[in-house]
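Participant: Give me a 3D structure for the following:
(chains A and B)
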Amino acid sequence: MTTITETMANDHRHCDALFAEAEELIAQGDWAQGREKFEAFRNTTENHFSMEEGVLFPGFEQRTGQAAGPTQMMRMEHSQMRQLMADMEGAVAHEDDERYLGLSETMMMVMQQHNMKEEQMLYPMTDQVFAADAEATLQEMKML
Amino acid sequence: MLNTANLSLDQAPPISIPFRFFLTAPLFGLAAAGMLLINGPDLFLTRWSPMTLGLTHMLTLGMLAMVMCGALLQMLPVLAGSPVPKVVAVGSICHLMITLGTVMLVFAFLSGSAIGDAVALGMLGGGIILFFVAVMIALWRVKSVSATVVAIRLAVVSLLITLLLGLLLGSGILGTMGFGDIASLVDVHLGWGIFGWIGLLLIGISYQVVPMFQVTPEYPSRLRRLLAPALFIGMLIWTALVLGEIFGALNEIVPRIWMFFLLSGFVIYAVVTVRLQLQRKRRIPDITMMFWRTGMLFVPVCALVWVAGNLSPGIGYNPHYNLLLGVSLLLGVGVSVINGMLYKIVPFLSWFHLQNRQMGLMCMTVKVPNMKEFISDKAARLQFRLFLLALLSALLATLRPDWFAHLAGLFFFASNALLLKNLLVAMLRYRETNRALLAYAESVRVPDGDVD
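Facilitator: Below is the predicted model:
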């Protein structure tokens, strides 16, 4: 049986890989491919956020009765990352590599911290709370 | 059951707490460099000279412990999901006592003042015990105990052991009791400081930050689970063996052979770390990683120097040997790693605090600088190069003090001056932006939360 923790952590690794590729291409000045990879990174990350915000978090909140708890904090960090990705988009549009690399460094730290909290605390909690529904929830998220 | 507070971002201490530790470290670096510039070759005669002992403690307490304590107070909420209780009071008092205690200790070493010594021991004892208690409470409350938490716990216990041995040695009680073999006990003190406190903390933090900073695979899970506890138990056994040797129950070769196994553990850690970094997905040049690489390279270098010293009495009894080992460990491994860490922690914390405030205010008119706008790559890279020159000349100074000691002082001074400047620039940018955000808050009359 696949756990939520495992599946979602794998998705994090996928985002990390795209992020690193985009950053490297842009650092080398390859804007054509770099832009493409950045878009892929942004889309994959957005998709990950919507799986959480659309399915996982509401389900968690419903089952635990906590709307102001950890999920609220994760949503806030999502909006931090959305702002950073919007700024990165701007840097890509202007082909400003120095700005992009400063932003991507920041993004990396936020993203990794965020992932660490989710993988070590929130996802294991959701696995526990969802218990038998975990598999069905994963299916639901994949539909997004 | 579910500890929601664990995930809170607001439990980070105000930025002034970690920053005061971080800004103090290069000041001790500058003082140590000043000593090298003034006294030069005299510092490289033997590890036992009071001046050299003073210099050593400026590095270990003033630079290494300073940054490590500040970073732990800051990072425990994130690394372990558990904030340090009363972090503002604890951080302020610990910082003050460790700083003043270190200054007094160096003064006592240089002047031989008994009062200075007593004050130093009192302050360091008080500051470090307070730190130990506060951090242990936080570590005790951790819900999901990871390998990192285990390693940090053991490191903090090692800090306490190092302190207690230091107090015992510094107080002169042993002398009045007629205890003769101080030198072996000093080795136990520095063994716990270097292998226990610095080594285990480094290992525990690496498990989290190496995969995080460079996007590398995780450390192998068995290594993560076993290495730190095995090394800690190994240190306990080593201590018992040294005591056996001191009291004449064992031949001195026994603790040495045991130490070889301990060192192998650290070499394995360094090799695994470098291998993970070689597999990193994030391949763009990174200053922190260059500092870490240097540190990891010096772990096996230290082990080789140690092995050479123990296989060949000609090397082992040469005073240069201990100094070479000391420089490799403290500058090569210790200062490299903490210096590199500062270039991630300081810009990130600055950004993080400002960004939180900006979001809280929903302020779109004030722009928060990104990490590299706090400390530019160029400035950090220049400081890295100066540090490498300082390290290289200090290594050479252990062999040819008359040629290289002053040079080492010069480069170390420049390196620390630039580090201080880089940190100050980040602080100033922080304050500038913070002021702009506060002015914005004033203008829209949004009640302001935590001002730091």
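Participant: near chain B, which residues of chain A show up?
Facilitator: A:16-17, A:19-21, A:23-24, A:27, A:64, A:66, A:69-70, A:73-74, A:76-77, A:79-80, A:87, A:98-99, A:101-103, A:105-106, A:108-110, A:112-113, A:116-117, A:120-122, A:124-125, A:129 (CB under 8 Å from any CB of the partner chain). All C-beta atoms are positioned from the backbone trio N, CA, C, and that covers glycine.
Participant: ok, 6 Å please
Facilitator: With CB under 6 Å from any CB of the partner chain as the criterion, chain A meets chain B at residues A:16-17, A:20, A:23-24, A:27, A:69-70, A:73, A:102-103, A:105-106, A:109, A:112, A:117, A:121, A:125.
Participant: Buried ones in the helix or strand containing B:Leu395, by neighbour count?
Facilitator: Element membership for B:Leu395 (DSSP states H and E) is helix B:377-399. Across helix B:377-399, burial judged by 16 or more other CB atoms under 10 Å in any protein chain shown covers B:377, B:379-380, B:383-384, B:386-398.
Participant: Return the distance of that helix from the chain's centre.
Facilitator: 18 Å (CA atoms, centre = their mean, to the nearest Å).
Participant: What's the first helix or strand after that helix?
Facilitator: helix B:401-444.
Participant: next one: that next one to chain centre, how far?
Facilitator: Worked out by CA atoms, centre = their mean, helix B:401-444 lies 19 Å from the chain centre.
Participant: For that helix, name the packing helices and strands.
Facilitator: helix B:16-39, helix B:336-361, helix B:377-399 (3 or more CB pairs under 6 Å, 6 or more residues apart in numbering or on different chains; DSSP states H and E).
Participant: what's the closest of those to B:Tyr207?
Facilitator: helix B:336-361 (14.1 Å; CB to CB).
Participant: who does the closest one touch, helix- and strand-wise?
Facilitator: helix B:287-311, helix B:371-374, helix B:401-444.
Participant: any chance of those in JSON lines, plus mean pLDDT?
Facilitator: Listed next are those as JSON lines, based on pLDDT from 0 to 100:
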{"stretch": "helix B:287-311", "mean pLDDT": "95"}
{"stretch": "helix B:371-374", "mean pLDDT": "96"}
{"stretch": "helix B:401-444", "mean pLDDT": "96"}
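Participant: Looking at these, spot the one closest to B:Ser111.
Facilitator: helix B:401-444 (21.0 Å).
Participant: Would you mind writing the CA trace of stretch B:226-246 as CSV?
Facilitator: Taking C-alpha atoms only, stretch B:226-246 is exported to CSV below (Å, rounded to 0.1, in the frame of the first residue of the first chain):
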residue,chain,number,x,y,z
LEU,B,226,23.7,4.3,14.0
LEU,B,227,26.6,6.7,13.4
ALA,B,228,26.0,9.3,16.0
PRO,B,229,25.0,6.9,18.8
ALA,B,230,27.9,4.6,18.0
LEU,B,231,30.4,7.5,18.1
PHE,B,232,29.0,8.8,21.4
ILE,B,233,29.3,5.3,23.0
GLY,B,234,32.7,5.1,21.4
MET,B,235,33.7,8.3,23.1
LEU,B,236,32.4,7.0,26.5
ILE,B,237,34.5,3.9,26.1
TRP,B,238,37.5,5.9,25.0
THR,B,239,37.2,8.1,28.1
ALA,B,240,37.1,5.0,30.3
LEU,B,241,40.2,3.6,28.5
VAL,B,242,42.1,6.9,29.0
LEU,B,243,41.2,6.9,32.7
GLY,B,244,42.4,3.3,32.8
GLU,B,245,45.7,4.5,31.3
ILE,B,246,45.9,7.4,33.7
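Participant: any idea what A:Met111 is structurally, helix, strand or coil?
Facilitator: Put simply, A:Met111 is helix when judged by DSSP: H, G, I helix; E, B strand; the rest coil.
Participant: State the mean pLDDT of the helix or strand hosting B:Ser92.
Facilitator: Using DSSP H and E, B:Ser92 falls within helix B:87-111. Averaging pLDDT along helix B:87-111 gives 97.
Participant: Run the chain-centre distance for it.
Facilitator: Per CA atoms, centre = their mean, the centroid offset for helix B:87-111 relative to its chain is 15 Å.
Participant: One more: stretch B:36-54?
Facilitator: On CA atoms, centre = their mean, the centre of stretch B:36-54 falls 22 Å from the chain's centre.
Participant: Mind picking out the helix or strand in the chain with the poorest mean pLDDT?
Facilitator: Because you didn't say which chain, this covers chain A. Here the helix or strand of chain A ranked lowest by mean pLDDT, DSSP states H and E is helix A:134-142, holding a mean of 86.
Participant: Sorry, I should have been clearer: chain B.
Facilitator: Min over SSEs of chain B, mean pLDDT, DSSP H and E: helix B:173-176 (a mean of 82).
Participant: CA atoms only for that helix - export them in PDB, please.
Facilitator: Output in PDB follows, covering the C-alpha atoms of helix B:173-176 (Å, rounded to 0.1, in the frame of the first residue of the first chain):
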ATOM      1  CA  ILE B 173      41.400  21.300  41.900                       C
ATOM      2  CA  LEU B 174      43.200  18.500  40.300                       C
ATOM      3  CA  GLY B 175      46.600  20.000  41.200                       C
ATOM      4  CA  THR B 176      45.700  20.500  44.800                       C
END
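Participant: List the buried residues in the following helix or strand past it.
Facilitator: Once helix B:173-176 ends, the next helix or strand along the chain (criterion: DSSP H and E) is helix B:182-191. Judged by neighbour count using 16+ other CB under 10 Å, the buried positions of helix B:182-191 are B:185-191.
Participant: Tell me where the chain is predicted with low confidence.
Facilitator: No chain specified, so I'll use chain A. Along chain A, segments meeting pLDDT under 70 span A:1.
Participant: Chain B is the one I meant
Facilitator: B:1-11, B:446-452.
Participant: contacting residues for the residue most central in space within it?
Facilitator: When CA atoms, centre = their mean is applied to chain B, the residue found nearest the centroid is B:Leu64 (3.1 Å). B:Leu64 makes contact with B:334, B:338, according to CB atoms under 6 Å, 6 or more residues apart in numbering or on different chains.
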